[in-house]
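K.L.:
Let's see this in three dimensions:
(chains A, B and C)
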Amino acid sequence: MTLVGRDLVSVFDLSNGEIEAIFALADEMAQHVRSKLDIAGGKLMATIFYEPSTRTRLSFEAAMLRLGGDVLSCPEVTSTSVAKGETVADTVRIIESYADVIVMRHPLEGSARVAADYASVPVINAGDGAHEHPTQTLLDLYTIRQEKGRIEGVWVALVGDLKHARTAHSLAYGLARFGAKIACVAPQGLELPREITDRIRERYNAVTYEYRSLDEMVADPELVRSRKVADPEEQLELTSNAISLFDALYVTRVQRERFTAAEQFEAARNSYAITADMLSRARPDALVMHPLPRVDELHYDIDADPRAAYFRQAAYGLPIRMALVAAMLGLREIKVRRGADEPERRPAKKTTVDHVTCSNPRCVTTQERYLPALFEPVGATGRKLRCVYCERITKVSQEASA
Amino acid sequence: MTLVGRDLVSVFDLSNGEIEAIFALADEMAQHVRSKLDIAGGKLMATIFYEPSTRTRLSFEAAMLRLGGDVLSCPEVTSTSVAKGETVADTVRIIESYADVIVMRHPLEGSARVAADYASVPVINAGDGAHEHPTQTLLDLYTIRQEKGRIEGVWVALVGDLKHARTAHSLAYGLARFGAKIACVAPQGLELPREITDRIRERYNAVTYEYRSLDEMVADPELVRSRKVADPEEQLELTSNAISLFDALYVTRVQRERFTAAEQFEAARNSYAITADMLSRARPDALVMHPLPRVDELHYDIDADPRAAYFRQAAYGLPIRMALVAAMLGLREIKVRRGADEPERRPAKKTTVDHVTCSNPRCVTTQERYLPALFEPVGATGRKLRCVYCERITKVSQEASA
Amino acid sequence: MTLVGRDLVSVFDLSNGEIEAIFALADEMAQHVRSKLDIAGGKLMATIFYEPSTRTRLSFEAAMLRLGGDVLSCPEVTSTSVAKGETVADTVRIIESYADVIVMRHPLEGSARVAADYASVPVINAGDGAHEHPTQTLLDLYTIRQEKGRIEGVWVALVGDLKHARTAHSLAYGLARFGAKIACVAPQGLELPREITDRIRERYNAVTYEYRSLDEMVADPELVRSRKVADPEEQLELTSNAISLFDALYVTRVQRERFTAAEQFEAARNSYAITADMLSRARPDALVMHPLPRVDELHYDIDADPRAAYFRQAAYGLPIRMALVAAMLGLREIKVRRGADEPERRPAKKTTVDHVTCSNPRCVTTQERYLPALFEPVGATGRKLRCVYCERITKVSQEASA
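P.N.:
The predicted structure follows:
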């Protein structure tokens, strides 16, 4: 299996072996983040951003330029073009004439799949609403691999609003796929969705601990026992302070708009923030990670701590994106272990159901009317349909599914 | 005659021989749309867009990068700069220090001529309001030449709102110059302006048929007879269905804001849309063209038909723009046939008339006060004045012209 | 002393010898403004503009591309990112992973110093509110040096709103440092701030004449006498017309919003505008300079006069920025005269004072809360504190400073 000419819409489009091969290639690319590798001469990347994102866009553009290619930059596809009614399908079929790879960010969920379906050149999803942002997940995993030496067996705490944080969802799956252990620390109502924890348990047999707060986690003896450490001294330390269990804390923003009461927000904001005091109780080799931008959840006084890994994490985005682009454009061959090239997810059997449209109001199918309502049936009843674009479930009544 | 150092404000700035030479150079460039030709090393193009246009801008930038040059990109010259009061004349006199060629889009009619007048480097008009967009016309003509093998004698139907569609106006002239046959299919009130059809008939002796709807055109026996086909079978087919007469259908958008009543708009929208059913009656080698973006006037279900040429048409913009830039920067010599280098339009005799200003409210002279009101007298009476910037006619009363 | 790896926040960060060395390097760069020098291959510049500025941004980008480097362009860091709360400190710590040099424009005063403090790669201030815009000053001085052959002893009149014009403030200091003579011509209430004229007199022993209007200046016999010309003919000419004294007129905009009454504005606008008539009385080798954009203060009919130097002045920005970037990235060594490498200003002794914050409402510390309120004590009383970011003075009451 090769990545040449393929799209990257979701991290599930890649097998574990392919991800490992991208990581190995990123190791090589990391030697060239301050010079021009010059393997992409004559290749053009178009960055088509329907929502501005300075960091993500610049990271992709820097990757292409470091590879020796050139960039067509659309920092913000404006309302004007949208008002004229150009669809994603039409846009990518024009851009494909000019560019060899398209990097797209779009506010509608599933839009990246549409772009990939219609474009004849590779499409990389740089974020499609709350759906996927696969290169963020790759760089998150790569950060752990680089800084901890491995992903398998690493203990990771996901902290903050785990209901809405797209990056936390994707990372949770990614960690489970590679055998990491996960604890979830989230305010009431903002937990990791049940659908995700169920799938992780069933599909990957991975443990996900759940806590209401960092304090609650710290005090949990069961969590500590599960570590099953042989060294009595470490056991003792763990018993008194579970935060020292974790190899990495992955913190996400708690957003004001998710709360109805201001006091609730203030309480949540404070109890999920990483302070110098809290960090003093963490492992000396723990990582503090964050997809950035942060607001208050990471205090500035921890920035100088070597465990504050979030800027290094952002920096890993460059070799990861260089590796990905190089592989997709066929500039470097990736070597996938034999037997490790099974894609995580096979192409779905697509079907339409009379009069049924996707129930997700943020789905690209709600705006782009030329798209059929295509579903993948989930389960045996035939009453749960997964939209092939946004991947949200639409439930149909007995009559409709009959 | 050479294109080196010249501007392209209007397609009339070019002779037929020059256009043919650009097409011949585009044929060469078409071999390099997926690689770097590397003849423009060290040259800079500035794309100065006062109105955003993702496709047009990216097409020019891709052309420059494929030629091996570099790009200074202004995706949207914002209201801030305009608020500070910088004029087109001043802007281009600064940008000319940084760039070797300026590509400009501006909402005011005639602004491109101003830029060309003041800049010491070549200026390419990428659209100045409703006035001109010459590279669109070049790529439209090139599409027909490439796909039909020639322009002379080709039958083209222009369909949709022909009153407001700048691209249709310019194409009509372009087709006439190269000897194509034209039919116009437009709703009442949205016909090709009389001024244009008159000029085409007088200057180029070209036929323009006019119809109210596609259905009306299809049923017209006179149109069919004019084809004068020798083959009886084809004659029979034409008689029953005039749409099969045409080598190309050039469709433009019918915009809601042009209609006072919603029902009229709905009726027009439907009767000027190209459907799969209509296409089934067209010639097997017909082209469906469109300047894009489309709304409803091209159904998505015809996209897969090989006659749907609109994405190929957009793609032809790349070799055309590569050829143009290469010729204007002197990177490639264009070879114009002897005797074919007469410009279509000679520089006008410019004059001012006391107290007379251009009556076009969208003319650049209404906003940029340093510009004199310069006119070219039209006709013998001296009462019709063509603005040298926006090229609209201002009529003066007897007293003023006296 | 070398410029490699250093930041440029203020022109005071550079010694006179360093500025002269940059000018010498700019002389070399001026040979390459129409070609690619190709010494920056593999280097990336990020242009991060929180306020749009087409000219400044393009000038930096052109400089980098002419040097053979590549550019990551952020024409307008949008409100979206700011709304998400990303600080300057965080932004530059991410961008530094992608780029080798950061060029930043930001509306808050002192923001460039923050960027320089936090970024590990060189930062060039492209304007931080009303604080500094050092490359404008460098190109202003370079223009005089190129066109008059020297700066020392040159007579320069600063004309217009000298209170708010950042460029006039920085240029006044720069002229004084290099021994030029300065006259200030400004409407009442819009004079060069007393703090600046005091500092110029005390620190540089430089003369600054002050006039209310160009007419007043022209009629001043004292000014004329001060020129002490030996040639009786020139003496005579000067006596009748002081404007012929000046080697350069540096004109700035008089903005409507600075006046409470419309008539006052109209009067000021007219009396500080350079007209063809006024220019007819200036020296035949005088320069008319302007930071641009202009509004009405330079009439368009003087553009063709060879003394109208403002477009050449803008063009000098290219070699200056090429030289600066080449020196800061270590692509070219700059040669500073022995003994001339003393920085104009040494790093301040930074201190905090309990409960005292910067009183400048446009200071970056008012928005970016992670920043300490750092001051440099000014004078002996300890009651005047200069903010180390925006450099504005905050006065503290006796209690606070005690």
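K.L.:
worst-scoring helix or strand of chain A, pLDDT-wise?
P.N.:
helix A:79-83 (a mean of 47; mean pLDDT, DSSP states H and E).
K.L.:
So which bits of the following helix or strand past that one are buried?
P.N.:
Next helix or strand after helix A:79-83 toward the C-terminus (DSSP states H and E): helix A:88-98. Residues of helix A:88-98 classed as buried by neighbour count (16 or more other CB atoms under 10 Å in any protein chain shown): A:88-98. To be clear about C-beta, it is placed using only N, CA and C from the backbone, and glycine gets the same treatment.
K.L.:
does the spatially most central residue of chain A sit in a helix or strand, and which one?
P.N.:
By CA atoms, centre = their mean, the mean C-alpha position of chain A lies nearest to A:T137, the distance being 3.4 Å. A:T137 belongs to helix A:134-148 when elements are defined using DSSP H and E.
K.L.:
still on that earlier bit, can you put the buried residues of helix A:88-98 in JSON lines and add pLDDT?
P.N.:
Converted to JSON lines, these look like this (pLDDT from 0 to 100):
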{"residue": "A:V88", "pLDDT": "95"}
{"residue": "A:A89", "pLDDT": "96"}
{"residue": "A:D90", "pLDDT": "96"}
{"residue": "A:T91", "pLDDT": "95"}
{"residue": "A:V92", "pLDDT": "97"}
{"residue": "A:R93", "pLDDT": "97"}
{"residue": "A:I94", "pLDDT": "96"}
{"residue": "A:I95", "pLDDT": "97"}
{"residue": "A:E96", "pLDDT": "97"}
{"residue": "A:S97", "pLDDT": "97"}
{"residue": "A:Y98", "pLDDT": "97"}
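K.L.:
can you list those in CSV and add distance to chain C?
P.N.:
Output for the buried residues of helix A:88-98, formatted as CSV (distance: CB to the nearest CB, whole Å):
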residue, distance to chain C
A:V88, 20
A:A89, 25
A:D90, 25
A:T91, 20
A:V92, 22
A:R93, 26
A:I94, 22
A:I95, 18
A:E96, 23
A:S97, 23
A:Y98, 17
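K.L.:
okay if I get those as JSON lines plus distance to A:E109?
P.N.:
Shown next, in JSON lines, are the buried residues of helix A:88-98 (distance: CB to CB, whole Å):
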{"residue": "A:V88", "distance to A:E109": "12"}
{"residue": "A:A89", "distance to A:E109": "16"}
{"residue": "A:D90", "distance to A:E109": "19"}
{"residue": "A:T91", "distance to A:E109": "17"}
{"residue": "A:V92", "distance to A:E109": "17"}
{"residue": "A:R93", "distance to A:E109": "21"}
{"residue": "A:I94", "distance to A:E109": "23"}
{"residue": "A:I95", "distance to A:E109": "21"}
{"residue": "A:E96", "distance to A:E109": "22"}
{"residue": "A:S97", "distance to A:E109": "27"}
{"residue": "A:Y98", "distance to A:E109": "26"}
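K.L.:
re earlier: and the residue nearest to the centre of chain A, what does it touch?
P.N.:
A:11, A:167, A:170-171, A:173-174 (CB atoms under 8 Å, 6 or more residues apart in numbering or on different chains).
K.L.:
do the same with A:E210
P.N.:
For A:E210, the contact set (CB under 8 Å, 6+ apart) comprises A:183-186, A:191-192, A:197.
K.L.:
quick one: which two of the residues you listed are the most distant?
P.N.:
Farthest pair in the contacts of A:E210 (CB to CB) is A:V185 and A:T197. Separation: 13.4 Å.
K.L.:
neighbour-wise, which of the two wins?
P.N.:
Neighbour tally, A:V185 and A:T197, criterion other CB atoms under 10 Å in any protein chain shown: the higher count belongs to A:V185, 27 against 19.
K.L.:
ok, the more buried one - contacts?
P.N.:
A:157-160, A:210-214, A:216-217, A:272.
K.L.:
Please report phi then psi for it.
P.N.:
phi -120, psi 110 (degrees, to the nearest 10).
K.L.:
Who is it paired with across the strands?
P.N.:
According to DSSP bridges, the residues that bridge with A:V185 are A:V159, A:Y211.
K.L.:
Report pLDDT for it.
P.N.:
With respect to pLDDT, A:V185 scores 88.
K.L.:
Check the one 4 residues further on too.
P.N.:
What the model reports for A:G189 is a pLDDT of 85.
K.L.:
and the residue in the stretch 251-400 of chain A positioned nearest to chain B, how many residues sit next to it?
P.N.:
Proximity to chain B, evaluated over the stretch 251-400 of chain A using CB to the nearest CB, is greatest for A:Y370 at 4.0 Å. Neighbourhood size, A:Y370 [other CB under 10 Å]: 14.
K.L.:
repeat for A:R337
P.N.:
Burial of A:R337 is recorded as 12 neighbouring residues (other CB under 10 Å).
K.L.:
And the contacts of the host helix or strand of A:G127?
P.N.:
According to DSSP H and E, A:G127 maps onto strand A:123-128. With contacts defined as CB under 8 Å, 6+ apart, strand A:123-128 is touched by A:7-10, A:47, A:49, A:51, A:53, A:56-57, A:60, A:92, A:101-113, A:115-116, A:132-136, A:166, A:324-325, A:328, A:364.
K.L.:
hang on, the earlier thing: could you list which of the contacts of A:T137 belong to strands?
P.N.:
Taking DSSP state E, every one of the contacts of A:T137 sits outside strands.
K.L.:
quick one on the thing from earlier: contacting residues around the nearest residue to the residue nearest to the centre of chain A once chain neighbours are set aside?
P.N.:
The shortest distance from A:T137 to any non-neighbouring residue, by CB to CB, 6 or more residues apart in numbering or on different chains, is to A:S170 (4.1 Å). By CB under 8 Å, 6+ apart, the residues touching A:S170 are A:11, A:132-134, A:136-137, A:140.
K.L.:
and with 10 Å instead?
P.N.:
A:10-12, A:131-134, A:136-138, A:140-141, A:196 (CB atoms under 10 Å, 6 or more residues apart in numbering or on different chains).
K.L.:
Can you tell me which of the contacts of A:E210 is nearest chain B?
P.N.:
Closest to chain B out of the contacts of A:E210 is A:L192 (37.4 Å), distances taken as CB to the nearest CB.
K.L.:
Please give me every residue in contact with the closest one.
P.N.:
Taking CB under 10 Å, 6+ apart, we find A:L192 in contact with A:158, A:161-163, A:165, A:168-169, A:172, A:182, A:184-186, A:200, A:208, A:210.
K.L.:
If we use 7 Å, what do you get?
P.N.:
A:162, A:168, A:172, A:184, A:186 (CB atoms under 7 Å, 6 or more residues apart in numbering or on different chains).
K.L.:
What score does A:R212 have for pLDDT?
P.N.:
In this model, A:R212 carries a pLDDT of 78.
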